[in-house]
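>>> With the sequence up front, the predicted model follows.
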Amino acid sequence: MKYKDYYGVMGVDRKASAGEIKNAYRKLARKYHPDVSKEPDAEEKFKEIGEAYETLKDPEKRAAYDQLGSHRPGQDFRPPPGWESQFGGGPFSFEDIDLADLFSGIAGGRRHAGPGGGKIRMPGQDYEVTAHLSLEEAYRGAEVDLELSVPDYDDRGLPHRVQRTLKARIPKGATDGQRLRLPGKGGKGMNGGRDGDLYLNIALHPHRLFRVSGHDLFFDLPLAPWEAVLGATVPVPTLGGTVRLKVPPGAHAGQQLRLAGRGLPRPHAGEGDLYAIVQIVVPTVTGDRERALYEQLAQASTFNPRGHFEQEAAK
Amino acid sequence: MKIEPTEASWLSERCEFSLEQLCELSGLSEAELRELVACGVLAPTDPDQPTWTFGADRLLVARSAFRLRRDFDLDAHGVALVVTLLERVRGLEAELQELRARLPRRQR
């Protein structure tokens, strides 16, 4: 069994009072609670904090934990002789058991342990996992493999951790931050309780070209100055393949050209839009002929891009 | 061994849950859920109907409310305040993401 330093996780002294432990928990919960936190590892961190607090807030569990002694986090250890009988848990095999499962099986939590541990109907636990998808996968729909480490009980009702692999089919139309549900794919219910659900949190990888906002997509469309002035029909990429986009004459930088229905598909019907954002790209003049043509244009044009400065100054 | 894929389902307003289903899936008791409706955190599809139903997307709000109440020891009004502020933060984040997506990449 691997040791976990619950006092270290909570950032409190081993002699901390119940009040100090509660305060530390509240402070850490505000920082790492997955519903309010923006920390990248909030989910994992809050699980650790919740596990530590669950044991340290209960005087009986805390006493049992203190009796385990102090070890390095992650260090393999065995409880001292007689520990099990003193705290009424088990019998356990201490090989592949997680400390959290051990403590859920003793003291106040004992009656809920194991499939035969009581007669109360207990729903299975809900799990949340993040599925990372490319934009192309979200567009087409995808199958993802999910690896879960979940508590399980052997034939004698002893808790241990098992690795579970699940394949989920994500229908087309998912987007960043969206949640999907896999009914009944969470933890097993006990004594006739329903099985838990698995919640998938969709996270899209950043794309080389497209930026995502809901089901709409945005990309930069570089145009040469003469294309912007004269208008042009240019090939542009979309998730469904290249299409030809007609740029009207007189396009200006920052202008948004909408390609209706070329964004991500929406869950039940319809699609988002794709927006091309015009950028005017100025070429490096490489030859005398090009330079001469620009000079000719400068002479011929009456265009003054800073006309409004002069109007302002004249006021 | 070949693992058969499980179809993930949308949580959108187009699918609906009954009050009992929403309680069961979120962990909230019926009394807690009714209190959240009274506080304006959750709205049934048609509050005038004798039997309430909720858009499936409300499950995420109900689950969040359940966790906040449990993990921060909040009462219904405290949960209502946090959920309202969180919804506002999410709205602002979505707006920020859209504005960022509209900015040309070179200028960001």
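Received, thanks. Numbering: from 1, shown residues only, chains lettered A, B, ... in the order given.
>>> Could you use CA atoms for every contact and neighbour count after this?
Noted.
>>> Would you confirm that A:Pro151 belongs to a strand?
Yes - assessed with DSSP: H, G, I helix; E, B strand; the rest coil, A:Pro151 lies in a strand.
>>> Could you give the number of residues near it?
Other residues within reach of A:Pro151, judged by other C-alpha atoms under 10 Å in any protein chain shown, total 18.
>>> Excluding chain neighbours, give the residue nearest to it in space.
A:Arg161 (4.5 Å; C-alpha to C-alpha, 6 or more residues apart in numbering or on different chains).
>>> Show the contacting residues for that neighbour.
Residues near A:Arg161 by C-alpha atoms under 8 Å, 6 or more residues apart in numbering or on different chains: A:96-98, A:149-152.
>>> any idea which helix or strand comes after the helix or strand containing it?
For A:Arg161, the enclosing helix or strand under DSSP states H and E is strand A:159-170. Past strand A:159-170, further along toward the C-terminus, the next helix or strand under DSSP H and E is strand A:179-182.
>>> Sticking with the residue nearest the centre of chain B, tell me its helix or strand.
Nearest residue to the geometric centre of chain B (C-alpha atoms, centre = their mean): B:Val61, 1.9 Å. In the assignment (DSSP H and E), B:Val61 maps to helix B:58-72.
>>> pretty sure A:Glu271 contacts A:Leu217?
No - using C-alpha atoms under 8 Å, A:Glu271 is not in contact with A:Leu217, being 10.6 Å away.
>>> got any residues that touch both of those two?
Shared contacts of A:Glu271 and A:Leu217 (C-alpha under 8 Å, 6+ apart): A:263-264.
>>> And the two? Which one has more around it.
The neighbour count for A:Glu271 versus A:Leu217, taken as other C-alpha under 10 Å, is higher for A:Leu217 (25 against 17).
>>> can you confirm the more buried one is in a strand?
Yes - under three-state DSSP, A:Leu217 falls within a strand.
>>> And it, how far from A:Pro206?
According to C-alpha to C-alpha, to the nearest Å, A:Leu217 and A:Pro206 sit 12 Å apart.
>>> Same check on A:Arg291?
A:Arg291 is 40 Å from A:Pro206, by C-alpha to C-alpha.
>>> for A:Gln178, same thing?
Counting by C-alpha to C-alpha, the gap from A:Gln178 to A:Pro206 is 15 Å.
>>> Neighbour count for these two, which is higher?
Legend: neighbour count by other C-alpha under 10 Å for A:Gln178 and A:Pro206, higher for A:Gln178 (15 against 12).
>>> tell me which element the spatially closest residue to the more buried one that is not a sequence neighbour is part of?
Among residues not flanking A:Gln178 along the chain, A:Ile202 sits closest, at 5.3 Å (C-alpha to C-alpha, 6+ apart). Using DSSP H and E, A:Ile202 sits within strand A:198-204.
>>> mean confidence score for that strand?
Taken as a whole, strand A:198-204 has a mean pLDDT of 94.
>>> now it against helix B:58-72, angle please.
If you take axes from the mean of the first three to the mean of the last three C-alpha atoms, to 10 degrees, strand A:198-204 sits at 100 degrees to helix B:58-72.
>>> Could you list the low-pLDDT ranges of chain A?
Within chain A, the segments meeting pLDDT under 70 span A:88-96, A:105-118, A:156-159.
>>> Chain B contacts on that one?
Residues of chain A lying near chain B by C-alpha under 8 Å from any C-alpha of the partner chain: A:26, A:29, A:35-36, A:143, A:166-171, A:179-183, A:211-214, A:217-220, A:254, A:267, A:277, A:279.
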